[in-house]
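In: need coordinates for the following:
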Amino acid sequence: MDADDDGGGMTTYGQIEQYFNNLGLDGPSAQERIDFIFPFIVSLLPPPLVPGPEADGDSDSDDERFSLTSSSSSDSDAGADPAAVPPAAPSDGEDHISRLPDSLLTDIVSRLTTKEAARTVALSTRWRGVWAATPLVVDDAYLVGDEGIRDIPIVRAASRCVAAHPGPVRGVRLTRVSFFHHEYALRRLVADLVVKGVQDLVLFNRPWPLDMPLPEDTLRCASLERLYIGVWHFPKITAARPPAFDKLRELGLFHCIVENEDLEALLAHCPKLEVLSLVMGYKSPSRLRIVSRSLKVVVEWMSDLDEVVIEDAPCLERLMFKTIGERRPVKIVRAPRLELLGFLDLSLHTLEIGGIAIRAGMKMRAKAMVPSLKMLAVNVRFARSEEAKMLPTLLECFPCLETLHIKPVPSKYHDPVHDVEFWESLGSCKCLESHLKTVVFHGPLTRNHEFRFKNYIAREGKVLETVMVPWSAELEDHLSSTFPGESNAAVGVGESNPRSGVIASRWRFQNAIDLALDDPFCVVRAEA
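Out: Residues are numbered from 1 along each chain as shown. Here you go, the predicted model:
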């Protein structure tokens, strides 16, 4: 990108607009591009704390909503065997729900929308106290009136909800508003969130063509545990007013303008941060440099960066990419617990470990190895010799690798130099001899050089249990002499007989940041 004459990052949305408009006179305009980008980045967000309203859920009838005081069984019992349905107990007219402990009642109310939860004060004096103690959840999906989205009512309604609630604020989610011309309401809202101890904040601005600064008080929300901000110009961080994010564990920066030094200063003031995601950034920041003693997951998702540097991350377990743009280095200086890396794109990423540039066929040194890595995902064009020959080198870099994900990328270019002789003469390595158990191909194998790599893995993998390959006509021809009669969505090769199954992709943003998933790339479902 040539946003600046000096080659630096973009610092205003005006520069991004100019870049988009320069992409091509016949293509989409900057306005059309941002109209597409904004809903896309919103779709990547974590699910709301309270499920969104149904498309036809405009009725306010209590009979069509969850009731706190009764349960209608007419729908659930419809069609059931009358003899199997026990008779309802006679009602004694007592309000048994109100006798539940305050903690349980508060938990019930916290699961309702703000509008529904506030209505509970009409039930009894007891419920008024419950509502006052219930942590508030505000979502602008429920603030849209009959006339559709109108910025002024939504901003005011959100601000008034927060200001009027006597209790704490659990979460606020605003993704449908342009805050331009509503700076005062925005500042007031953020100031109230600081006072009310908000824990979860999703704050997106519908910007175009404006350059909106994120309110500086956002950095004073010391109670925040999760923060996702979208389409803002991040404030300058100074030593006089550093961020107060002592409890923050999850941070997402979506399509934001952040200077390199401000991002680094931000990370330095997040002592408990575990998950960091950078989504659709355009050269600002131009560098993702990680120095953090707490981070476990770093995700770069469709951002245009000049380089990624993991300088000192003693707790980092996962480094993941969905990369676009130009070729860039990925430098791993210190990450002793790194277990998962991918998708490493061999056409867009150069890899440097311990200050040593990793090149195909190089003699491996201990300093260039990451023995902690257990799972690697790679995009590779097998037709390109320099990319195909990197795969054996990567297996040497990660000697304890257990799972390898390979996404074959088609290429019109074909370099025959690395074909038969290269793979047949290639020897083994520690990874293949002692650790690699599973190889999954994310795409059918259609060329001979792809099959030769698979054969190399199967030949040298001494502890290999499964090689999963999506089914194709070429694969059927390749296996017909050994495993006649097989036909399915995928086949696992590496045992005495093939094991059929289905490869289901998991490669989505929300799975990338989810530490609970052992494998965020795919799941293999074996068929009986």
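In: which phi and psi does the residue nearest to Lys462 when sequence neighbours are not counted have?
Out: Closest residue in space to Lys462, ignoring its immediate chain neighbours: Glu433 at 5.0 Å, by C-beta to C-beta, 6 or more residues apart in numbering. (Glycine included, C-beta is placed from N, CA and C.) With angles defined as degrees, to the nearest 10, Glu433 sits at phi -80, psi -30.
In: and Glu433, what does it touch?
Out: By C-beta atoms under 8 Å, 6 or more residues apart in numbering, the contact set of Glu433 is 460, 462-463.
In: can you check Lys454 too?
Out: Shown in contact with Lys454 (C-beta under 8 Å, 6+ apart): 439, 441, 445, 467, 469, 493.
In: what's the helix or strand containing the fifth one packed up against?
Out: Secondary-structure element containing Val469, defined by DSSP states H and E: strand 466-470. In this structure, strand 466-470 packs against strand 438-441, helix 448-460, strand 490-492, strand 499-505, with contacts taken as 3 or more C-beta pairs under 8 Å, 6 or more residues apart in numbering; DSSP states H and E.
In: turn the ones you listed into CSV, including mean pLDDT and distance to Val370.
Out: Formatted as CSV, these follow (pLDDT from 0 to 100; distance: least, C-beta to C-beta, whole Å):
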stretch, mean pLDDT, distance to Val370
strand 438-441, 94, 18
helix 448-460, 88, 20
strand 490-492, 52, 27
strand 499-505, 71, 25
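In: would you check that Leu445 makes contact with Ile457?
Out: No - applying C-beta atoms under 8 Å as the test, Leu445 and Ile457 come out as separate, 11.8 Å apart.
In: rewinding a little: ok, and the most crowded of the contacts of Lys454?
Out: Per-residue neighbour counts (other C-beta atoms under 10 Å) across those peak at Val469, which has 26 neighbours.
In: for the closest residue to that residue other than its chain neighbours, list each beta-bridge partner.
Out: With C-beta to C-beta, 6+ apart as the criterion, Val469 has its nearest non-adjacent residue at 4.8 Å, and that residue is Phe441. When assigned by DSSP bridges, Phe441 has beta-bridge partners Ile406.
In: pLDDT below threshold where in the stretch 351-500 of the chain?
Out: Along the stretch 351-500 of the chain, segments meeting pLDDT under 70 span 414-419, 472-500.
In: which one of the contacts of Lys454 sits closest to Leu348?
Out: Comparing the contacts of Lys454 against Leu348 with C-beta to C-beta places Phe441 closest, at 19.7 Å.
In: what's that closest one in contact with, if anything?
Out: Contact partners of Phe441, counting by C-beta under 8 Å, 6+ apart, are 406-408, 454, 467-470.
In: check the gap between it and Pro408 for me.
Out: Applying C-beta to C-beta, to the nearest Å, the value for Phe441 to Pro408 is 7 Å.
In: out of the contacts of Glu433, the closest to Ala504 would be?
Out: Nearest to Ala504 among these: Val463, at 25.0 Å, using C-beta to C-beta.
In: tell me the contacts of that closest one?
Out: 433-437 are the contacts of Val463 under C-beta under 8 Å, 6+ apart.
In: try Arg337
Out: 314-317, 372.
In: same thing but at 10 Å, please
Out: Contact analysis of Arg337 by C-beta atoms under 10 Å, 6 or more residues apart in numbering lists 296, 313-318, 372-373.
In: likewise for Ser277?
Out: Going by C-beta under 10 Å, 6+ apart, the list of residues near Ser277 reads 44, 228, 250-254, 297-301, 303, 320, 509, 512-513.
In: pull out the buried residues from these.
Out: For the contacts of Ser277, a burial check counting by 16 or more other C-beta atoms under 10 Å picks out 44, 228, 250-254, 297-301, 303, 320, 509, 512-513.
In: which single one of the contacts of Lys454 is nearest to Leu338?
Out: Nearest to Leu338 among those is Val439, at 20.1 Å by C-beta to C-beta.
In: wait, that closest one touches Ile457, no?
Out: Yes - if you go by C-beta atoms under 10 Å, Val439 and Ile457 touch, sitting 5.6 Å apart.
In: and Pro101, how close does it get to Thr134?
Out: Using C-beta to C-beta, Pro101 is found at 14 Å from Thr134.
In: the two - which one has more neighbours?
Out: More neighbours surround Thr134 than the other of Pro101 and Thr134, with 27 against 8 (other C-beta under 10 Å).
In: roughly how far does the residue lying closest to the more buried one once chain neighbours are set aside sit from Val50?
Out: Closest residue to Thr134 apart from its sequence neighbours, by C-beta to C-beta, 6+ apart: Val109 at 4.5 Å. Computed as C-beta to C-beta, the Val109 to Val50 distance reads 11 Å.
In: before we move on, what about Pro410?
Out: Using C-beta to C-beta, Pro410 is found at 44 Å from Val50.
In: could you do Glu116 as well?
Out: According to C-beta to C-beta, Glu116 and Val50 sit 9 Å apart.
In: any shared contact partners between these two?
Out: Both Glu116 and Val50 are in contact with Tyr142, where contact means C-beta under 10 Å, 6+ apart.
In: neighbour count: those two, which is higher?
Out: Set Glu116 next to Val50 and count neighbours by other C-beta under 10 Å: Val50 wins out with 21 against 17.
In: and that one, what helix or strand is that in?
Out: Counting by DSSP H and E, Val50 is part of no helix or strand.
In: quick one: residues contacting it.
Out: By C-beta under 10 Å, 6+ apart, the contact set of Val50 is 110-114, 116-117, 137-139, 141-142, 170-171, 173.
In: repeat for Phe382
Out: For Phe382, the contact set (C-beta under 10 Å, 6+ apart) comprises 388, 391, 406, 408-411, 414-415, 418-419, 445-453.
In: switch to 6 Å and redo it
Out: Applying C-beta atoms under 6 Å, 6 or more residues apart in numbering to Phe382 gives the contacts 388, 408, 449-450.
In: scan the protein for its longest strand.
Out: The longest strand of the chain (DSSP state E) is strand 169-177.
In: direction included, what does it pair up with?
Out: Sheet pairing for strand 169-177, using DSSP bridges, gives strand 136-139 (parallel), strand 200-205 (parallel).
In: and the ones you listed, which one averages the lowest pLDDT?
Out: Sorting those by mean pLDDT places strand 136-139 lowest, at a mean of 90.
In: what's in contact with that strand?
Out: 48-50, 114, 158, 161, 165, 169-173.
In: same deal with stretch 220-235?
Out: Under the criterion C-beta under 6 Å, 6+ apart, residues 41, 194, 197-205, 207, 211-214, 216, 244, 246-252, 254-258, 262 lie in contact with stretch 220-235.
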